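Chemist: could you look at this predicted model? Sequence included:
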Amino acid sequence: MKMLTKVNNSGPAVLQEETGARIATIRRQLGMSQDGLAREIEAKRAALSMWERGKRAPDIDAMIRLADRAGTSLDWIFGRDGREDS
């Protein structure tokens, strides 16, 4: 299985941090707490916290639910598209 990496070869850790920042941005734009969003996307709050801080790669099923809830794309969440909307 091929790991996701940035086109500029910054590495997976940078990608994880950028993804986390985007997850946090979405949560703030929705006006939700970590607890509230975690419940809505069927994840644990501790996991969401680690995703937002770039400490752990996010669960793809939860990210699909997040993208649907936020009206954005997985490409944007994972930094593969510069646009917020798909």
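Modeler: Looks like it arrived, so ask away.

Chemist: now do the residue nearest to Ala43 when sequence neighbours are not counted, the pLDDT please.
Modeler: Distances taken as CB to CB, 6 or more residues apart in numbering place Ala62 nearest to Ala43, at 4.4 Å, with adjacent residues excluded. In this view, the C-beta of every residue, glycine as well, is placed from N, C-alpha and C. On the pLDDT scale, Ala62 is placed at 98.

Chemist: also Asp81?
Modeler: 75.

Chemist: wait, doesn't it sit right on Ser73?
Modeler: Yes. Under the criterion of CB atoms under 8 Å, Asp81 makes contact with Ser73 at 6.2 Å.

Chemist: biggest helix in this protein, by residue count?
Modeler: helix 12-29 (DSSP state H).

Chemist: same question for the helix or strand just after it: list its buried residues.
Modeler: Downstream of helix 12-29, the first helix or strand assigned by DSSP states H and E is helix 34-40. Neighbour-count burial for helix 34-40 flags Gln34, Leu37, Ala38 (criterion: 16 or more other CB atoms under 10 Å).

Chemist: list the residues that contact the spatially most central residue of the chain.
Modeler: Residue closest to the average C-alpha location in the chain (CA atoms, centre = their mean): Ile23, at 3.8 Å. Ile23 sits next to Leu48, Trp51, Glu52, Pro58, Met63, Leu66, Ile77 when contact means CB atoms under 8 Å, 6 or more residues apart in numbering.

Chemist: try it again with 10 Å
Modeler: Counting by CB atoms under 10 Å, 6 or more residues apart in numbering, Ile23 touches 37, 41, 48, 51-54, 58, 62-63, 66, 70, 77-78.
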